[in-house]
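Q: Sequence and predicted model, in that order:
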Amino acid sequence: MRLLLSTLGSRGDVEPLVALAVQLRALGAEVRVAAPPDEEFAQRLAGVGVPLVPVGPPMRAMMAGTGGPSPEDLPALAAGVLAAQFGVVGAAAEDCDVLVAAGLMQVAARSVAEKLGIRYVYASYCPIMLPSPHHPPLTLPDRPSTSDVTENRELWDPDGKGFNELFGQALNAQRLAIGLPPVGNVRDHVITDTPWMAADPVLAPWLEPTDLGVTQTGAWLVPDDRPLPAELRAFLDAGTPPVFVSFGSGRAPEGAARVAIEAIRAHGHRALIARGWADLDLIDDGGDCFVVGEANHQALLTRVSAVVHHGGAGTTTAAARAGVPQVVIPQSVDQPYWAARVADLGIGAAHADPNPTTESLKAALATALAPETRDRATAVAGTIRTDGAAVAAKLLLDTATQNGRPASA
């Protein structure tokens, strides 16, 4: 059995596919991953014996830019992305039996699978990325205001129209070129009626009833047994557990390191700063702070007193699994959802403003560092599933020749 796993995004989009690829290989399948050509993605996949099929621009360079494309440039950009996907993903999937697409930017993937006559599975990492009467769609800057609409089902209509306006013409031109009929609803075409949800059911439950037949497998996590760097271990051993600050592979607020260190010091705690793609660094040479690059988060998070982060699905799930309290400072996309879930579950605090001050972060840390929050985080940790990737891999192989929804997850 051969499978192509495809995504377009940052580390948080690629890492779940690494986990799924590991489980598929353990079951005897051949796997390749189509993802952006960043060197760290290639190294990460090579480390688990999975080849990278590079597609699209490097994401780290794109994230380092000062702003996104203008609305006028978006149609041409969308057409370019689609052309690359049809070419690269189409070629990579030619000898495959299954194509798994993760994320709404995988607009060409279903058409590729349709042309090749192979099974197609769409996977989402967060419930609010799928249409539902239980939540509104994401608010995107290029979409018209719907402030006069309050019913969730109605709010999803302009969301679908926005996808059609951005991708419809380019997608249907590509489909026509390969002998496929046009599609009328791009978003629903991409996600299908039976998408998969690669998110933990306690941390991110899919609420029923809806019009979709969603299979929730649990988050796709890969075990990590890498030792922590010696200098980091020495810092951890030298004092009480620090507060860990990470904005992952996204942008960080202006002055994030300074604000975080000052707020952490105000609570009498040490600070551990992840350099990340935002290239955060220390603000002085105080011995109570340390900056770290790439490290095993599964090992690291068990040794910190709290985590301050951006609210990516992967970081939120990793912290919840480790039982460590969180302060989530959401920056964009689905991150406000994860912040709200952390607060609702009582395992940390949601910082409303994406640009914290020392005082506002100090207040949020007071909630996270409270004994009752630690107790609640410990309790919730015991409910987080760790078998999501294994469940998904078995379902993929068991249902590889079917077109319907798997019976269970």
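A: Received the coordinates, thanks.

Q: Return the set of buried residues in the top helix by length along the chain.
A: Identified as the longest helix of the chain according to DSSP state H is helix 11-26. By neighbour count on 16 or more other CB atoms under 10 Å, the buried set for helix 11-26 is 11-25. (C-beta placed from N, C-alpha, C; glycine too.)

Q: which one of those is nearest Lys362?
A: Gly12 (27.3 Å; CB to CB).

Q: Closest to Gln174 out of the buried residues of helix 11-26?
A: The nearest member of those to Gln174, counting by CB to CB, is Asp13 at 22.4 Å.

Q: Point out where the stretch 301-409 of the chain drops to low pLDDT.
A: 401-409 (pLDDT under 70).

Q: in it, which spans are strands?
A: For the stretch 301-409 of the chain, the strands defined by DSSP state E, counting those that start in this stretch occupy 306-309, 326-328, 348-350.

Q: just how off-centre is the longest one within its chain?
A: I take that to be strand 306-309. Centre-to-centre, strand 306-309 and its host chain are 17 Å apart (CA atoms, centre = their mean, to the nearest Å).

Q: Which strands or helices does that strand pack on?
A: Packing partners of strand 306-309 (3 or more CB pairs under 8 Å, 6 or more residues apart in numbering; DSSP states H and E): strand 243-246, helix 313-322, strand 326-328, helix 358-368.

Q: And the last one, by the same measure?
A: Taking 3+ CB pairs under 8 Å, 6+ apart as contact, the helices and strands that strand 348-350 lies on are strand 326-328, helix 335-345, helix 358-368, helix 371-381.

Q: now it: how far from the chain's centre is it?
A: With CA atoms, centre = their mean, you get 19 Å for strand 348-350.

Q: Contacts only, for Gly218.
A: Applying CB atoms under 8 Å, 6 or more residues apart in numbering, one finds that Gly218 lies in contact with Ala198, Ala199, Asp200, Pro201, Arg385, Thr386, Asp387, Gly388, Val391, Ala409.

Q: What strand or helix carries the third one?
A: Read that as Asp200. Assigned by DSSP states H and E, Asp200 falls within no helix or strand.

Q: okay, stretch 308-325 in PDB with CA atoms only?
A: Extracted in PDB, the C-alpha atoms of stretch 308-325 (Å, rounded to 0.1, in the frame of the first residue of the first chain):
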ATOM      1  CA  VAL A 308       3.300  30.700  27.500                       C
ATOM      2  CA  HIS A 309       2.600  30.200  23.800                       C
ATOM      3  CA  HIS A 310       0.700  31.300  20.700                       C
ATOM      4  CA  GLY A 311      -2.000  28.600  20.800                       C
ATOM      5  CA  GLY A 312      -1.000  26.300  17.900                       C
ATOM      6  CA  ALA A 313      -2.800  23.000  17.900                       C
ATOM      7  CA  GLY A 314       0.400  21.100  18.500                       C
ATOM      8  CA  THR A 315       1.700  23.200  21.300                       C
ATOM      9  CA  THR A 316      -1.700  23.300  23.100                       C
ATOM     10  CA  THR A 317      -2.000  19.500  22.800                       C
ATOM     11  CA  ALA A 318       1.500  18.800  23.900                       C
ATOM     12  CA  ALA A 319       1.100  21.000  27.000                       C
ATOM     13  CA  ALA A 320      -2.200  19.500  27.900                       C
ATOM     14  CA  ARG A 321      -0.800  16.000  27.500                       C
ATOM     15  CA  ALA A 322       2.200  17.000  29.800                       C
ATOM     16  CA  GLY A 323      -0.200  18.300  32.500                       C
ATOM     17  CA  VAL A 324       1.500  21.700  32.500                       C
ATOM     18  CA  PRO A 325      -0.600  24.900  32.900                       C
END
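
Q: about what we covered before: right, so the helices and strands packed on strand 348-350: which one is the most enclosed?
A: Among the helices and strands packed on strand 348-350, the stretch with the highest mean neighbour count (mean count of other CB atoms under 10 Å) is strand 326-328, at a mean of 29.

Q: Residues contacting that one, please?
A: 306-311, 316, 319-320, 335, 338-339, 342-343, 347-351, 361, 364-365, 367-368, 377.

Q: so what's Ala79 up against?
A: Taking CB under 8 Å, 6+ apart as the definition, contacts of Ala79 comprise Gln169, Ala170.

Q: after the helix or strand that contains it comes which helix or strand?
A: Ala79 belongs to helix 74-84 when elements are defined using DSSP H and E. Scanning forward in sequence from helix 74-84 by DSSP H and E, the next helix or strand is helix 90-92.

Q: can you pull the buried residues of that following helix?
A: Using 16+ other CB under 10 Å as the test for burial, helix 90-92 gives Gly90, Ala92.

Q: what's the offset of it from the middle of its chain?
A: The answer for helix 90-92 is 24 Å, by CA atoms, centre = their mean.

Q: What residues of the very next helix or strand once past that helix count as buried?
A: Later in the chain than helix 90-92, the nearest helix or strand by DSSP H and E is strand 98-102. Residues of strand 98-102 classed as buried: Val98, Leu99, Val100, Ala101, Ala102 (neighbour count, 16+ other CB under 10 Å).

Q: quick one: the first one from Val308, how far?
A: Val98 is 39 Å from Val308, where distance means CB to CB, to the nearest Å.

Q: do the same with the third one
A: Val100 sits 33 Å away from Val308, going by CB to CB.

Q: what sits against Asp188?
A: Listed by CB under 8 Å, 6+ apart, the contact partners of Asp188 are Pro131, Gly160.

Q: Got the confidence number for it?
A: pLDDT recorded at Asp188 is 95.

Q: pretty sure it is in a helix, no?
A: Yes: assessed by DSSP: H, G, I helix; E, B strand; the rest coil, Asp188 belongs to a helix.

Q: and Glu30, backbone torsions?
A: phi -100, psi 130 (degrees, to the nearest 10).

Q: got it, and Arg233?
A: Arg233 has phi and psi values of phi -60, psi -40 when expressed as degrees, to the nearest 10.

Q: ditto for the one 5 residues further on
A: Summarising the backbone geometry of Ala238 under the convention degrees, to the nearest 10, its torsions are phi -80, psi 0.

Q: which residues in the stretch 151-300 of the chain form helices?
A: Ranges of helices within the stretch 151-300 of the chain are 152-163, 169-177, 186-191, 230-237, 256-266, 297-300, based on DSSP state H, counting those that start in this stretch.

Q: what about the fifth one, average pLDDT?
A: Summarised as a single mean, pLDDT over helix 256-266 is 97.
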